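K.L.:
structure, please.
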Amino acid sequence: MSNDKGDEMGVVVVSGGTNGMGRALALGRAERGDRVLVLGRSRERGEALAGGSIAFLPVDLSSMAETRQVIEHILTEYEVVDALALFANAVAPRRIVTAEGLERTFALYYLSRYLLSFGLRPALDRATAPVIVNVAGVGVTKGRLHWADLQLASGYSAIAAQLQAGRAIDLLGVGFGQRSGSRARYVLYHPGFTRSGDRSPLPLVVRGLLAVAAVAARPVADAVAPIHQFLDAPPAAPVTAIDRGKLLPPSFPTLDPRDAERLMDLTEKLLNEASPCP
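P.N.:
Residues are numbered from 1 along each chain as shown. The predicted structure is shown next:
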C-alpha cells in the first residue's frame, strides 16, 4: 500500500479497532508495514494495543459531535488516508437515546460510518488506490428500514435495531458511490458469523446461545483475510458487495439505488436536526 507522496507506509484508519476483527486487522496491517489509527471507546484496550506503528484515538462513535471532532483531527494530522475499515458496533438490549437525541444503535452502527465515509473523503482521495471496507451483514435480507421511525421510538428490540442499521449500511455503500464523487472504492463485506466482539452487554441466556454457536463460527483470522486483500488490491468497481465470499449483483434487493437516495436525504436531515451534546 502506498500513496501519491511515495511513502512506503500506508495509513489505515480502523473504527471499532480495539477488539475482535478490528483489532486483528489493525495488528495485521501494522505487521505489513502500514501506519494504523485505531478509533474506539475503551481506553484500556486501545492503549494496550497502541505502540509502534499503531496509534489510538479514544472516541465514543455513538456521539456525532465526537465523531466529527475525530474526522477533523484525522484530516489535520494525516494528509493521506489509504484505507478506512469500519467495524464499530454494539448490541443494546434496551433502547438507549444519546445526549444528541439519537437511538444509540443507529448512531453507532450506521451514522458514525456515514460520517467517517463522507468526512474522510479529502484524505482518501489523495491516496493512490483508496478503499473503504464496511463490515456488516450485506447479503442478509432480514430486517428493514423503518422509514417513518428510524429511531425505533416504538417497537424497539435489539434484533430490529441491528437489522435496520445493517440494511442502512447496505444503502450507505450504494449512496456513497452515487453521491460522494470520491475515487475511493467502497466494499460492503459480510464475513459471516465470527468469533468476535464483546457480548457482555447481552443477557446471560443470549450469551450462552452465542457461545454454543461460536463453536461453528469462523476464526477471526479467516474472516479478516479477505479485508487485507481488499486493502492491498481494491476492486475495480466503485461499489462491491461481498457476502461470505460471494459477489452480490448491484440488483440485490437491499442495494436499491432509489432507497439509497432516500436514505441519504433522511440521514442528512437527521444529522442536521440532532441536538448537540450539552
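K.L.:
what's near enough to touch residue 141?
P.N.:
253-254 (Cβ atoms under 8 Å, 6 or more residues apart in numbering). Yep, even glycine has a C-beta here, placed from its N, CA and C like the rest.
K.L.:
beta partners of the residue most central in space within the chain?
P.N.:
Central residue of the chain (Cα atoms, centre = their mean): residue 86, 2.6 Å from the mean position. Following DSSP bridges, residue 86 is listed with bridge partners residue 15, residue 134.
K.L.:
please tell me how far it sits from residue 148.
P.N.:
For residue 86, the distance to residue 148 equals 27 Å [Cβ to Cβ, to the nearest Å].
K.L.:
return the set of buried residues in the top helix by length along the chain.
P.N.:
Using DSSP state H, we find that the single longest helix of the chain is helix 158-179. Judged by neighbour count (16 or more other Cβ atoms under 10 Å), helix 158-179 contains these buried residues: 158, 161-177.
K.L.:
and the next helix or strand past the lowest-mean-pLDDT helix or strand in the chain?
P.N.:
Lowest by mean pLDDT, DSSP states H and E among the helices and strands of the chain is helix 204-213, with a mean of 42. For helix 204-213, the succeeding helix or strand toward the C-terminus, using DSSP states H and E, is helix 220-232.
K.L.:
strands of this structure, residue ranges please.
P.N.:
11-15, 35-40, 54-58, 83-86, 131-135, 185-190, 239-243, 246-247 (DSSP state E).
K.L.:
a markdown table please, covering these and showing distance to residue 263.
P.N.:
Listed next are the strands of the chain as a markdown table, based on distance: least, Cβ to Cβ, whole Å:
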| stretch | distance to residue 263 |
| --- | --- |
| strand 11-15 | 20 |
| strand 35-40 | 23 |
| strand 54-58 | 28 |
| strand 83-86 | 16 |
| strand 131-135 | 14 |
| strand 185-190 | 14 |
| strand 239-243 | 14 |
| strand 246-247 | 23 |
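K.L.:
redo the ones you listed as JSON lines? Include mean pLDDT and distance to residue 46.
P.N.:
Converted to JSON lines, the strands of the chain look like this (pLDDT from 0 to 100; distance: least, Cβ to Cβ, whole Å):
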{"stretch": "strand 11-15", "mean pLDDT": "98", "distance to residue 46": "11"}
{"stretch": "strand 35-40", "mean pLDDT": "98", "distance to residue 46": "5"}
{"stretch": "strand 54-58", "mean pLDDT": "98", "distance to residue 46": "4"}
{"stretch": "strand 83-86", "mean pLDDT": "98", "distance to residue 46": "15"}
{"stretch": "strand 131-135", "mean pLDDT": "98", "distance to residue 46": "19"}
{"stretch": "strand 185-190", "mean pLDDT": "98", "distance to residue 46": "23"}
{"stretch": "strand 239-243", "mean pLDDT": "98", "distance to residue 46": "28"}
{"stretch": "strand 246-247", "mean pLDDT": "98", "distance to residue 46": "34"}
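K.L.:
residue 93: which of those is closest?
P.N.:
strand 35-40 (21.0 Å; Cβ to Cβ).
K.L.:
distance from stretch 16-35 to the middle of the chain?
P.N.:
14 Å (Cα atoms, centre = their mean, to the nearest Å).
K.L.:
show me which positions of that stretch end up buried.
P.N.:
16-30, 32, 34-35.
K.L.:
show me those residues that map onto helices.
P.N.:
Per DSSP H, those map to helices at 20-30.
K.L.:
just the CA atoms of stretch 116-127, as PDB, please.
P.N.:
Written as PDB, here are the backbone C-alpha positions of stretch 116-127 (Å, rounded to 0.1, in the frame of the first residue of the first chain):
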ATOM      1  CA  LEU A 116     -16.500   8.800   8.600                       C
ATOM      2  CA  SER A 117     -17.000   7.600   5.000                       C
ATOM      3  CA  PHE A 118     -18.000  11.000   3.600                       C
ATOM      4  CA  GLY A 119     -15.900  13.100   6.100                       C
ATOM      5  CA  LEU A 120     -12.600  11.400   5.300                       C
ATOM      6  CA  ARG A 121     -13.000  11.800   1.600                       C
ATOM      7  CA  PRO A 122     -10.400  14.600   1.200                       C
ATOM      8  CA  ALA A 123      -7.700  12.400   2.700                       C
ATOM      9  CA  LEU A 124      -8.800   9.300   0.900                       C
ATOM     10  CA  ASP A 125      -8.800  11.000  -2.500                       C
ATOM     11  CA  ARG A 126      -5.100  11.800  -2.100                       C
ATOM     12  CA  ALA A 127      -4.200   8.100  -1.900                       C
END
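K.L.:
lovely, talk soon.
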